[in-house]
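Asker: here are the coordinates; sequence isn't available:
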């Protein structure tokens with residue numbers, strides 16, 4: 001029995017020694033693992049990154065013309081009213097100017113009279129030439145006879161014949177001069193007739209452009225003053241707006257002026273007309289407004305169906321920058337080391353190595369890496385100051401997106417939001433468009449007066 005007890009004690013001691021050794025090895029391994037710091041890492045990927053600017057714009061007519069008559073007179077007939085679509089050259093109104101009509105008839109009579117003077121002068125030339133021809137022939141015959149038979153013809157008779165010949169020749173010259181004067185009189189009379197006729201033609205007022213009559217200022221029987229003086233405050237007959245081609249004006253903030261180029265594409269959405277399309281920048285002022293700190297930029301928009309009315313708002317999206325199939329990492333991976341931007345790369349042995357990089361487009365979540373990284377590289381995201389170069393870490397890989405469209409809001413028009421605010425505030429609430437998004441102030445939300453263009457107002461109401 002004693003021998004069995006000794007064997008049992010020896011076996012128990014061995015088992016306890018083995019268990020103790022196992023616990024000691026596990027504790028050492030756990031302590032070593034706890035000594036390696038953990039770090040959040042992301043994998044560099046290939047993707048697309050864009051930087052876009054959303055802006056509110058307002059449509060303006062391509063051109064607006066106030067139609068004034070050239071002459072003063074009474075309105076005999078007006079053929080158009082507000083809202084009418086007119087074509088170029090269409091008769092808008094007819095004026096009655098009796099004194100101008102009489103002057104036109106007088107100029108016609110004067111022109112006919114000068115034409116008769118030309119006819120008379122031509123007859124006088126023919127008569128003078130015929131007389132000269134007869135007298136010249138008579139003188140030549142007398143002169144020949146005198147030479148053939150000296151003394152047969154008296155010298156006095158020869159001298160008289162020569163004088164008549166020369167006199168008739170001068171009469172021919174005088175008749176031709178009279179003809180030239182008559183032609184000049186006719187030219188002057190014709191020019192005066194054309195002048196009066198042109199003034200008379202101005203009594204028929206025609207549309208200088210194709211467009212829409214947006215206002216009418218005169219009625220039948222009204223006395224209309226001629227618009228010949230640029231300082232005159234006389235009212236026009238109508239105002240025509242070229243609405244088949246519109247200018248979409250958008251105010252680009254000062255910080256984004258550097259990105260604006262002719263031909264840049266914009267996505268345009270017109271909520272009021274339920275229409276979306278892509279436009280191109282055709283012109284910009286190259287001047288930043290002192291008050292609004294924006295630069296006016298224009299897009300030409302075809303509007304043949306007239307579904308878009310001048311004055312409507314539009315939301316636009318201008319692409320400031322775009323890169324495709326580039327290396328992207330989360331923006332938290334960037335660290336500014338002096339003037340150099342670096343990322344902390346984790347190698348295959350889980351050791352940290354700071355790496356300088358060249359940065360491209362930056363969004364709100366991602367950043368473009370132009371050089372310094374390759375797809376598949378692991379980078380530390382956040383808390384980089386806690387790690388030293390060549391330090392071993394325990395990486396915790398996070399899933400991140402590869403592409404991003406970063407949208408900067410310069411002002412949006414939310415028509416439904418405006419209606420909701422108006423209904424909640426009551427009938428006395430403001431009708432100003434509301435900003436959509438990140439609390440943009442009104443100066444950035446609604447285009448300024450310089451952006452949308454000032455419309456000339458004239459006294460008087462619609463007719």
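Answerer: Looks like it came in fine. Because the structure is a prediction, the values reported are computed rather than measured.
Asker: number of residues surrounding residue 156?
Answerer: Other residues near residue 156 number 8, with proximity taken as other CB atoms under 10 Å. C-beta coordinates here come from the backbone N, C-alpha and C atoms, glycine included.
Asker: I'd like the average pLDDT over the helix or strand harbouring residue 194.
Answerer: Element membership for residue 194, per DSSP states H and E: helix 155-201. Regarding helix 155-201, the rounded mean pLDDT is 88.
Asker: next: stretch 108-116.
Answerer: Across stretch 108-116, the average pLDDT comes to 90.
Asker: repeat that for stretch 360-380.
Answerer: In this model, stretch 360-380 has an average pLDDT of 92.
Asker: ok, the helix or strand that the helix holding residue 194 is followed by: who's next to it in the sheet?
Answerer: Following helix 155-201 in sequence order, the next helix or strand is strand 204-206 (DSSP H and E). Looking at strand 204-206 with DSSP bridges, its partner strands are strand 91-96 (antiparallel).
Asker: where does this protein have its least confident helix or strand?
Answerer: helix 449-452 (a mean of 33; mean pLDDT, DSSP states H and E).
Asker: picking up where we left off before, for the helix holding residue 194, packing partners?
Answerer: Judged by 3 or more CB pairs under 8 Å, 6 or more residues apart in numbering; DSSP states H and E, the packing partners of helix 155-201 are helix 98-148.
Asker: by contact count, what packs against the helix it packs on?
Answerer: Helix 98-148 sits against helix 155-201, with contacts defined as 3+ CB pairs under 8 Å, 6+ apart.
Asker: okay, the angle between the helix it packs on and helix 98-148?
Answerer: Here the directions of helix 155-201 and helix 98-148 differ by 160 degrees (axes from the mean of the first three to the mean of the last three CA atoms, to 10 degrees).
Asker: show the contacting residues for the most centrally placed residue in the chain.
Answerer: Taking CA atoms, centre = their mean, the centroid of the chain lies closest to residue 298, which sits 3.2 Å from it. For residue 298, the contacting residues are 247-250, 281-284, by CB atoms under 8 Å, 6 or more residues apart in numbering.
Asker: go again using 7 Å as the cut-off
Answerer: With contacts defined as CB atoms under 7 Å, 6 or more residues apart in numbering, residue 298 is in contact with 247-249, 282-284.
Asker: what about burial for these, which qualify?
Answerer: Among those, those classed as buried by neighbour count (16 or more other CB atoms under 10 Å) are 247-249, 284.
Asker: ends of stretch 90-109, how far apart?
Answerer: Start and end residues of stretch 90-109 are separated by 31 Å (CA to CA, to the nearest Å).
Asker: quick one: it to chain centroid distance?
Answerer: In terms of CA atoms, centre = their mean, to the nearest Å, the gap separating the centre of stretch 90-109 from the centre of its chain is 41 Å.
Asker: one more: stretch 127-139?
Answerer: With CA atoms, centre = their mean as the basis, the mean position of stretch 127-139 lies at 77 Å from the chain mean.
Asker: centre of the chain to stretch 64-77, how far?
Answerer: 30 Å.
Asker: list the buried residues for that stretch?
Answerer: Within stretch 64-77, the residues that qualify as buried are 64-65, 67-69, 71, 73, 75, counting by 16+ other CB under 10 Å.
Asker: which element is the residue nearest to the centre of the chain on?
Answerer: Applying DSSP H and E, one finds residue 298 within strand 294-302.
Asker: buried residues in that strand?
Answerer: Quick answer for strand 294-302 (16+ other CB under 10 Å): 294-299, 301.
Asker: again with stretch 347-359
Answerer: For stretch 347-359, by 16+ other CB under 10 Å, it's 352, 354, 357, 359.
Asker: related to what we said a few turns ago, same list (the buried ones among the contacts of residue 298) but as JSON lines, adding secondary structure and distance to residue 140.
Answerer: Conversion of those to JSON lines gives the following (DSSP: H, G, I helix; E, B strand; the rest coil; distance: CB to CB, whole Å):
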{"residue": "247", "secondary structure": "strand", "distance to residue 140": "84"}
{"residue": "248", "secondary structure": "strand", "distance to residue 140": "89"}
{"residue": "249", "secondary structure": "strand", "distance to residue 140": "88"}
{"residue": "284", "secondary structure": "strand", "distance to residue 140": "86"}
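Asker: just these now: which is nearest residue 207?
Answerer: Using CB to CB, residue 247 is the member of these that lies nearest residue 207, at 20.2 Å.
Asker: please name the residues that touch residue 212.
Answerer: By CB under 7 Å, 6+ apart, the residues touching residue 212 are 83, 85, 240-241, 243.
Asker: could you redo the last one with a cut-off of 6 Å?
Answerer: 85, 241, 243 (CB atoms under 6 Å, 6 or more residues apart in numbering).
Asker: gap between the host helix or strand of it and the chain center?
Answerer: If you go by DSSP H and E, residue 212 is part of strand 211-216. Remark: strand 211-216 is offset 22 Å from the chain centroid, using CA atoms, centre = their mean.
Asker: what strands flank the next helix or strand after that strand, and is each parallel or antiparallel?
Answerer: Of the helices and strands lying after strand 211-216 in sequence (DSSP H and E), the nearest is strand 223-224. Partner strands and pairing direction for strand 223-224 (DSSP bridges) are strand 73-78 (antiparallel).
Asker: for the strand it pairs with, which outside residues touch it?
Answerer: For strand 73-78, contacts defined as CB under 6 Å, 6+ apart pick out 93-97, 218, 220-224.
Asker: give me the buried entries from these.
Answerer: Here, 16+ other CB under 10 Å leaves 93, 95, 97, 218, 224 buried among the contacts of strand 73-78.
Asker: as JSON lines, these with distance to residue 385 would be great.
Answerer: As requested, the buried ones among the contacts of strand 73-78 are arranged in JSON lines below (distance: CB to CB, whole Å):
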{"residue": "93", "distance to residue 385": "80"}
{"residue": "95", "distance to residue 385": "84"}
{"residue": "97", "distance to residue 385": "89"}
{"residue": "218", "distance to residue 385": "78"}
{"residue": "224", "distance to residue 385": "81"}
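Asker: ok, the buried residues of strand 294-302 vs residue 340, which is closest?
Answerer: The closest of the buried residues of strand 294-302, once distances to residue 340 are taken by CB to CB, is residue 295, at 33.3 Å.
Asker: quick one on the thing from earlier: any idea of the mean pLDDT for the strand holding residue 212?
Answerer: The pLDDT scores in strand 211-216 average 94.
Asker: go on, stretch 136-152?
Answerer: In this model, stretch 136-152 has an average pLDDT of 81.
Asker: what do you get for stretch 287-306?
Answerer: The pLDDT scores in stretch 287-306 average 92.
Asker: ditto for stretch 271-280
Answerer: The model assigns stretch 271-280 a mean pLDDT of 91.
Asker: same deal with stretch 243-252?
Answerer: Average pLDDT, stretch 243-252: 93.
Asker: for that stretch, what is the distance to the chain centroid?
Answerer: 6 Å.
Asker: and what of stretch 208-224?
Answerer: 27 Å.
Asker: can you check stretch 173-190 too?
Answerer: Chain-centre distance of stretch 173-190: 56 Å, with CA atoms, centre = their mean.
Asker: farthest-apart pair in the buried residues of stretch 64-77, please.
Answerer: Within the buried residues of stretch 64-77, 64 and 73 form the most distant pair, 24.6 Å apart (CB to CB).
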